[in-house]
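# Fold the stuff below for me.
(chains A and B)
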Amino acid sequence: MAAKEGLDHLRSILEAEAPHLLEKRAPKKRREGLTELPNAEKGKVVLRFAPNPNGPLSFGHARGLVINSTYREMYEGEFILRFDDTDTKVKPPLLEAYEQIVEEATWLTGRAPDRVVVASDRMEHYYEHAESMLREGFGYVCRCTAEAFKEHRQSKSACPCRDQNSTDNLSLWKAMLKGTYKPGDAVVRVKTEMDLKNPALRDWPALRIQDTKTHPHPRPEVGSTYTVWPLLDFQSAVEDHLQGVTHIVRGKDLMDSTRKQTLLYKHFGWRYPETLYWGRVKVHEWGGFSTSQMRRDVEAGLYDGWSDPRLPTLAALKERGIQPEALQQFWLELGITQKDISVPLSTLYAHNTKAVDNGAPRLSFIRNAAAFHLKGNHPAEVKVPCHPNHEEMGWRTWDLAEGQVWLEADDVVKMDVRLKEFADVELHDNEARITSLERQQEHPVIHWLPASQADEAVLVETKNNEIHRISGKLERHNHPAGTVVQLERIGYARVLDGENLLLCHESASEV
RNA sequence: GCUGGUAUAGUGUAGUGGCCCAUCAUGAAGGACUCUCAUUCCUUCGACCCGGGUUCAAAUCCCGGUACCAGCACCA
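All right, here's what the predicted structure looks like:
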C-alpha cells in the first residue's frame, strides 16, 4: 500500500484509525547507576561484604565495598562487614588488619558498616549447625584422605563413610571436637548426590580440623581454642542465614559456592539470598591483586609497609591522594557485569582529577633547579593566585628583593621565556634579563621560584613498580601533611611532610 | 576431562526484537579559554566474536562454532 499510495496516505489512515501507533516511544535512556536488585524491597535489604583479614584491603576489595554499600543506600538497607577469618594456616588473618579494614571501609564508603561480624567469634553457631546437620542425616563425618575422596568424586562413587548412621556420625563429631583427629584425618561433608553433573558440588566439605597449636589464630581471645573449623562455603552460608542477608553480590569465581550453599539451604529448609556476580578485574599496571602475595612481599621487606605507593592497596591509594569519590565513581562505572576486564589506571586518575582539582592549591616546584640572577627593573614582590579558578583561595606573595630565581633544568635550554605571572626574560650565563613585565611575545610560559621562597624538597614518584625521588626547590607553604596540591606544570601531589611530596597520578609507562 | 560463565569502539560501559548507520565515560587527535603540559568547554575518531536460522524487522531470540575466564582445595 505504501508503495502504491505513498507513505503520507498510510500515515493519514493511521492517524484516523489508530493514532497511538504513530506516537514515538520514549527513546531508550541510559541506565543511571547500578542495575536494580531482584526481589528487593526498600528498607528490607541486607547486604554484606566478607573479606579475609589476612591483610589490609586492596583496590579489588573496593569493588565489593562500593557496590554493596551503594545498594545499601539505594534500598535504605543494612550493610554488614564480615571477617571470614576461619583459616589459620593457608591464609592466616593479620591481627592489625581487623581494625584497619573497618577504617578503610568507612573511609571509602563514607560511613561505618551497620554491623561488623567476626566469624571466629561465632564458632558455637557453626558447631550447632554442623551437629544438627549430622543429626538430621544430611551430613557425615568422612575419614577418607583427600586423595581417596577425590577418586570418589571423579568416579561418582560413595565413600564408605557416607552410610554411617547419625549416631555414629555424632560420636565421630565429638571425637573431632575432642582432638582425636589430626588435620586431614576427618572432615564433615554435606551430603549432596555423588552423581551430580558438576563435580565441584559432590559431597562438599563443610568443616575440617586445623592444628591451632602450631598455627594459632592471631586473635588472642581465639588462639588455640578450636581445632575444628568451618570452611568458607559452610561458614558463609550459615552466617548469611543468621544475619538475614537478602542479597549477595560477589565475584563469579564464587558461582559454585552459591550452588553448594543452595544445596545446604535446601537441607535446612532455608531460602537462599538473591545473588549477583561480577567478573574478574585486572589493572593494566598491576595485574591481579593477591593479598597473600603482597603480604609475603611486605613481610620480606620488598615494600615499605602496606601503604607503599607501589602497592595496589587502599592504604597506598589513600597515601597517594586518591579520593574515595574517585574510587566510588570508578567501580560504579564498571557496574556488575560478569565480563572479565582489564582497566587502565588512567580512568581512576581522571575521576580523581575531577575530585581533587577545585580544592588543590597551586604550588611551584622546580625540579633539578638552576639558579639565575634577575637583571633589570622589577617590583619588589609579585602576587600569584593560589588557584586560577578560585580567587577566594587567596594569593601567594613572592619577595623578589634577593634577585635570584630558580628555574627547571629542562626549561633553561630555551632562550626566551615567560616567567609565569611575572616577566618575559632572556636567559644566558645564569642571568635572566627582563625584557618586559607585560607579556609581549608568545614565549613559552615556565614556572619559577624566587630563591627567597624556596625550600629543599623531594618529589616521590612511582613508575613501573619503582620509586623515583626527584629533588628540587619547593615553594614555601603552610599546607598541612595530607593536603593534595597541584605542582604547576607537573601534576597533583600529596604533601607527606615538610620535605616530601608524593605524586598522585603515576605517569603512564612507556611500554 | 567434567561443570558453569562471558563475548558491543584502544579501554570500560548502556542497550533484552523496530526509536540503534548503537549510549555514556575514558583515550587519542584538533580547537576555544587560560600568564600551568592543570581545570572548563567544543569538534572529530572509533565497536555489536564468527557462521547459519527464525522474523516484515536481530546487538537483542534459536542453533552451531571460536575465544577468554572461573570452579572441580581438608584456601578465602
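
# correct me, but residue A:231 touches residue A:205?
Yes - counting by Cβ atoms under 8 Å, residue A:205 is a contact partner of residue A:231 at 5.7 Å. All C-beta spots, glycine's among them, are computed from the backbone N, C-alpha and C.

# Sort out which residues of stretch A:406-414 are buried, please.
A:406-408, A:411-412 (16 or more other Cβ atoms under 10 Å).

# hey, where'd the helices end up in the stretch 251-400 of chain A?
A:255-268, A:291-299, A:314-319, A:324-334, A:345-356 (DSSP state H, counting those that start in this stretch).

# wait, I meant chain A
Secondary structure of chain A (DSSP state H): helices at A:2-5, A:7-17, A:59-75, A:95-109, A:123-136, A:146-155, A:166-178, A:232-243, A:255-268, A:291-299, A:314-319, A:324-334, A:345-356.

# helices or strands up against the fifth one?
Just to be clear, that refers to helix A:123-136. When contacts are defined as 3 or more Cβ pairs under 8 Å, 6 or more residues apart in numbering; DSSP states H and E, helix A:123-136 packs onto strand A:139-142, helix A:166-178, strand A:187-190, strand A:205-209, strand A:228-230, helix A:232-243, helix A:255-268.

# Can I get the helices of chain A in TSV including mean pLDDT?
Shown next, in TSV, are these (pLDDT from 0 to 100):
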stretch	mean pLDDT
helix A:2-5	42
helix A:7-17	49
helix A:59-75	95
helix A:95-109	97
helix A:123-136	97
helix A:146-155	91
helix A:166-178	96
helix A:232-243	97
helix A:255-268	95
helix A:291-299	94
helix A:314-319	96
helix A:324-334	95
helix A:345-356	95
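
# which of those helices sits most buried?
Stretch with highest mean neighbour count among these: helix A:314-319 (a mean of 23; mean count of other Cβ atoms under 10 Å).

# what sits up against that one?
Identification of contacts with helix A:314-319 by Cβ atoms under 8 Å, 6 or more residues apart in numbering yields A:56-59, A:61-62, A:100, A:104, A:107-108, A:306-310, A:327, A:494, A:502.

# so residue A:107 touches residue A:324, yeah?
Yes - between residue A:107 and residue A:324 there is a contact at 5.9 Å, judged by Cβ under 8 Å.

# Next up, the contacts around residue A:119.
Contacts of residue A:119 (Cβ under 8 Å, 6+ apart): A:82-86, A:230, A:235, A:239.

# go again using 7 Å as the cut-off
Counting by Cβ atoms under 7 Å, 6 or more residues apart in numbering, residue A:119 touches A:82-86, A:235, A:239.

# Next: residue A:465.
By Cβ under 7 Å, 6+ apart, the contact list for residue A:465 reads residue A:310.

# Which of the buried residues of stretch A:406-414 fall within strands?
Of the buried residues of stretch A:406-414, the ones assigned to strands by DSSP state E are A:406-408.

# Adding distance to residue A:186 and pLDDT, write these out as JSON lines.
Shown next, in JSON lines, are these (distance: Cβ to Cβ, whole Å; pLDDT from 0 to 100):
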{"residue": "A:406", "distance to residue A:186": "73", "pLDDT": "97"}
{"residue": "A:407", "distance to residue A:186": "75", "pLDDT": "95"}
{"residue": "A:408", "distance to residue A:186": "70", "pLDDT": "94"}
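
# Can you measure across stretch A:447-455, start residue to end residue?
With Cα to Cα, to the nearest Å as the measure, stretch A:447-455 spans 16 Å from end to end.

# Could I get the buried residue list for that stretch?
A:447-451, A:453-454.

# Now tell me what touches that stretch from outside.
By Cβ under 7 Å, 6+ apart, stretch A:447-455 touches A:364, A:366, A:398-402, A:404-407, A:419-420, A:473-476, A:488-489.

# Next: stretch A:380-391.
For stretch A:380-391, the surrounding residues in contact (Cβ under 7 Å, 6+ apart) are A:358, A:361-362, A:393-401, A:421-422.

# Low-confidence regions, chain A specifically.
Applying pLDDT under 70 to chain A picks out residues A:1-28, A:508-511.

# at 50 instead, please
Counting by pLDDT under 50, chain A shows low-confidence ranges at A:1-8, A:10-11, A:14-16, A:18-26, A:510-511.

# And it, split by domain according to the record?
Annotated domains of chain A cover A:46-118+A:233-278, A:123-230, A:282-358, A:362-503 [automatic domain parsing].

# for the first one, how far is the first residue from the last?
Yep, that's domain A:46-118+A:233-278 we're talking about. 18 Å.

# how about it, does it reach RNA strand B?
Yes - residues of domain A:46-118+A:233-278 contacting RNA strand B under Cβ under 7 Å from any atom of the strand: A:50-52, A:84-87, A:89-91, A:252-257, A:277.

# So among these, which ones count as buried?
In these, the ones that pass as buried (16+ other Cβ under 10 Å) are A:50-52, A:84-87, A:91, A:252, A:254, A:257, A:277.

# mind giving me TSV with those and columns for distance to residue A:143?
Converted to TSV, those look like this (distance: Cβ to Cβ, whole Å):
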residue	distance to residue A:143
A:50	30
A:51	33
A:52	28
A:84	26
A:85	27
A:86	21
A:87	21
A:91	25
A:252	34
A:254	28
A:257	25
A:277	35
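
# Of those residues, which belong to strands?
Secondary structure defined by DSSP E assigns residue A:277 of those to strands.

# ok, now which ones touch the nearest residue to residue A:501 once chain neighbours are set aside?
Nearest non-adjacent residue to residue A:501, counting by Cβ to Cβ, 6 or more residues apart in numbering: residue A:493, 4.3 Å away. The contact partners of residue A:493, taken as Cβ under 7 Å, 6+ apart, are A:459, A:485, A:487, A:501-504.

# Against residue A:424, how distant is residue A:493?
In this view, residue A:493 and residue A:424 are 28 Å apart by Cβ to Cβ, to the nearest Å.

# Can you name the residues of the stretch 251-400 of chain A that neighbour RNA strand B?
Applying Cβ under 7 Å from any atom of the strand, we find that the stretch 251-400 of chain A lies next to RNA strand B at A:252-257, A:277, A:279-280, A:333-335, A:337-344, A:346-347, A:349-350, A:353-354, A:357-358, A:362, A:387-389.

# measure residue A:62 to RNA strand B for me?
According to Cβ to the nearest atom of the strand, to the nearest Å, residue A:62 stands 14 Å off from RNA strand B.
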